[in-house]
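**Student:** Kindly return the folded structure for what I paste below:
(chains A, B, C and D)
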Protein chains: 2
Amino acid sequence: MKVLLVEDDQFHARYLQDALAEALPEVTETLHAVNGQEGADEARAGRIGAIVMDLQMENHNGIEAARTIWAERPETRILFWSNYSDEAYLRGISRIVPEESAYGYVLKTASRDRLKLALRAVLIEGQIMVDREIHRFQRRATAPGNALDDSEYAVLLDLALGLQDKLIAERRGMSLRTVQNRLLSLYDKLGVGVEDGPGLPLNKRVRALNRAITTRTLNVEMLETAQREFDRWATRNCNKPG
Amino acid sequence: MKVLLVEDDQFHARYLQDALAEALPEVTETLHAVNGQEGADEARAGRIGAIVMDLQMENHNGIEAARTIWAERPETRILFWSNYSDEAYLRGISRIVPEESAYGYVLKTASRDRLKLALRAVLIEGQIMVDREIHRFQRRATAPGNALDDSEYAVLLDLALGLQDKLIAERRGMSLRTVQNRLLSLYDKLGVGVEDGPGLPLNKRVRALNRAITTRTLNVEMLETAQREFDRWATRNCNKPG
DNA sequence: ATATTTGCTGCGGGTTCCCGCAATTTTGCT
DNA sequence: AGCAAAATTGCGGGAACCCGCAGCAAATAT
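**Tutor:** Numbers count the residues shown, from 1 in each chain, chains lettered A, B, ... in the order given. The predicted structure follows:
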């Protein structure tokens, strides 16, 4: 049996390798990759069925890599192993897990025994195993009242880039007033306008981005990704103002 | 000779401990701390003169800890050892390094040999040693035309929290128009309004926060710190709207 | 001492933003 | 099909924002 480790930190990779060797003697070959891009390539080339993946990586983060891999081979078992309980990443995960796959989520602060348990449960037994700490996040993120639906999320990204209402409306094919309604519910769900008592008026737009960042709904990489996507859209539609 | 290691990641702490033992046989005792708060306490209690410190930590990050330590004993030698070339942290460092101290900055991706070299150079020889990668950031951050002076930086923090012009003026003791002038130069230095060609108007306020985040001028912890400081200021001045 | 630069301030206009109101369309359910 | 709830859209006004213009004071240069 072959296992692929995708992890850019050398110390963590070493530790992972050791734990894997201890916990899963049936593993005959262990491959390494240092970013999501490499990871996806290795998985494709080596026909890997079991992967342990870090989330926070330079080139192509764990979510993007997992999406690529699962698109090609949905039955691939992936154990995510990450330092941070980053809600931003979690939002991504729960959307792309295929029905037929097994996956798991373990924090790097977990004990060696728990890691070994998760390795066996997910990669060998094909179970689902999520750290309880993470599960709390996931539930809060998907709880009614807090969950951002897709269109709200799209508007949040545009807002975060600094687009103004008219541009968002144009890009997303909505009317101006609808965009503003989305913003309204965004403000509500992000808790903007709650903390500012009388005499403390806040700029809701900036506040929304601030809240999205501090609650880990967005992070730097997602901003950069969104920027690239917007730039593509903008160049494609730049013949319009002519 | 005693050395204090401040590092919240167990693997990195282990590696650091090993490298330290190899490189500096004259070290007789090694202490550990897992966050900045503990680190500062240990340094005070143990009269430590040499410290290796991670920057990104939960409780009290490396910058805050270093500020505390240097305030009490400015001659303390500190080698910063961090995963990220975070401009946000660097801005903090260059401001608080005392004249009489030695310090250094090494990336965690550096080779073991380079780490050992830095350990000796900074902690034993009392030299200044900065990773070249980091130095580029530092220079760009302090280059004329990019450097944010203190008052601009203060206004940036307030903007990032979502305060509107009038509140910023009140808090910082400036006139409304002056605040707006600061914002103008902020927009300029952050490159807001450059990328948006005709037909692509952007919300400058949000865009400024976006740029500050993506260029690593600000990060999540600094936002949280600024929020706490603002909250204190707000409660202290909450008798004003009466 | 005079001239120039730099920073702070008020004023005013054009624009965007926030949001309540009401009309219309879509959605969901029986 | 029929009805109610929810979502979408237009309108309008008050507030905040961006910024050019101009006056003033302090610092610096000539």
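**Student:** Please count neighbours and contacts with C-alpha atoms only from this point.
**Tutor:** Fine.
**Student:** now the helix ranked longest in chain A: how far from the chain's centre is it?
**Tutor:** For chain A, the helix reaching the highest residue count under DSSP state H is reported as helix A:220-236. Helix A:220-236 sits 16 Å away from the centroid of its parent chain (C-alpha atoms, centre = their mean, to the nearest Å).
**Student:** now for it, which elements pack on it?
**Tutor:** helix A:150-161, helix B:204-214 (3 or more C-alpha pairs under 8 Å, 6 or more residues apart in numbering or on different chains; DSSP states H and E).
**Student:** now it against helix A:204-214, angle please.
**Tutor:** Orientation check (axes from the mean of the first three to the mean of the last three C-alpha atoms, to 10 degrees): helix A:220-236 against helix A:204-214 gives 130 degrees.
**Student:** Only the buried residues of helix A:220-236, if you could.
**Tutor:** Under the neighbour-count criterion of 16 or more other C-alpha atoms under 10 Å in any protein chain shown, helix A:220-236 has A:220-223, A:226-227, A:230 buried.
**Student:** Any chance you could give me that helix in PDB, C-alpha atoms only?
**Tutor:** Taking Å, rounded to 0.1, in the frame of the first residue of the first chain, the C-alpha atoms of helix A:220-236 are listed here in PDB:
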ATOM      1  CA  VAL A 220      -5.000  36.100   3.100                       C
ATOM      2  CA  GLU A 221      -4.800  33.300   0.500                       C
ATOM      3  CA  MET A 222      -8.500  33.400  -0.200                       C
ATOM      4  CA  LEU A 223      -8.100  37.200  -0.800                       C
ATOM      5  CA  GLU A 224      -5.300  36.600  -3.200                       C
ATOM      6  CA  THR A 225      -7.200  33.800  -5.000                       C
ATOM      7  CA  ALA A 226     -10.300  36.100  -5.300                       C
ATOM      8  CA  GLN A 227      -8.100  38.900  -6.600                       C
ATOM      9  CA  ARG A 228      -6.800  36.700  -9.400                       C
ATOM     10  CA  GLU A 229     -10.200  35.500 -10.300                       C
ATOM     11  CA  PHE A 230     -11.500  39.000 -10.400                       C
ATOM     12  CA  ASP A 231      -8.600  40.200 -12.500                       C
ATOM     13  CA  ARG A 232      -9.400  37.500 -15.100                       C
ATOM     14  CA  TRP A 233     -13.000  38.600 -15.100                       C
ATOM     15  CA  ALA A 234     -12.100  42.200 -15.500                       C
ATOM     16  CA  THR A 235      -9.700  41.700 -18.400                       C
ATOM     17  CA  ARG A 236     -12.400  39.600 -20.100                       C
END
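**Student:** tell me the mean pLDDT for that helix?
**Tutor:** On average, the pLDDT along helix A:220-236 is 89.
**Student:** Contacts for it, please.
**Tutor:** If you take C-alpha atoms under 8 Å, 6 or more residues apart in numbering or on different chains as the criterion, helix A:220-236 is touched by A:157-158, A:160-161, B:210, B:213-214.
**Student:** What is the three-state secondary structure of A:G104?
**Tutor:** Here A:G104 is recorded as strand under DSSP: H, G, I helix; E, B strand; the rest coil.
**Student:** What parts of chain A come near DNA strand D?
**Tutor:** Counting by C-alpha under 7 Å from any atom of the strand, the positions of chain A adjacent to DNA strand D are A:174-179, A:181-182, A:201-203.
**Student:** Kindly recompute the last result at 6 Å.
**Tutor:** Proximity of chain A to DNA strand D, by C-alpha under 6 Å from any atom of the strand, involves residues A:174-178, A:181, A:203.
**Student:** For the residues you listed, which PyMOL command selects only the ones that are buried?
**Tutor:** Per 16+ other C-alpha under 10 Å, the buried members of those correspond to this PyMOL selection:
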select buried, chain A and resi 203
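**Student:** tell me, which of the residues of chain A next to DNA strand D make contact with chain B?
**Tutor:** Among these, the residues lying close to chain B (C-alpha under 8 Å from any C-alpha of the partner chain) are A:N203.
**Student:** Can I get the residues of chain A next to DNA strand D in a markdown table including secondary structure?
**Tutor:** Formatted as a markdown table, the residues of chain A next to DNA strand D follow (three-state DSSP):
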| residue | secondary structure |
| --- | --- |
| A:M174 | coil |
| A:S175 | coil |
| A:L176 | helix |
| A:R177 | helix |
| A:T178 | helix |
| A:N181 | helix |
| A:N203 | coil |
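**Student:** ok, the residues of chain A next to DNA strand D vs chain B, which is closest?
**Tutor:** For the residues of chain A next to DNA strand D, the minimum distance to chain B (C-alpha to the nearest C-alpha) is 4.9 Å, reached by A:N203.
**Student:** Show the contacting residues for the closest residue to the closest one other than its chain neighbours.
**Tutor:** In space, and not counting its chain neighbours, A:N203 is closest to B:G162: 4.9 Å by C-alpha to C-alpha, 6 or more residues apart in numbering or on different chains. Contacts for B:G162 were tallied using C-alpha under 8 Å, 6+ apart; they are A:202-207, A:210.
**Student:** I'd like to know which elements the helix or strand where A:E64 lies is packed against.
**Tutor:** A:E64 belongs to helix A:62-72 when assigned by DSSP states H and E. Applying 3+ C-alpha pairs under 8 Å, 6+ apart, one finds that helix A:62-72 contacts helix A:36-46, helix A:87-96.
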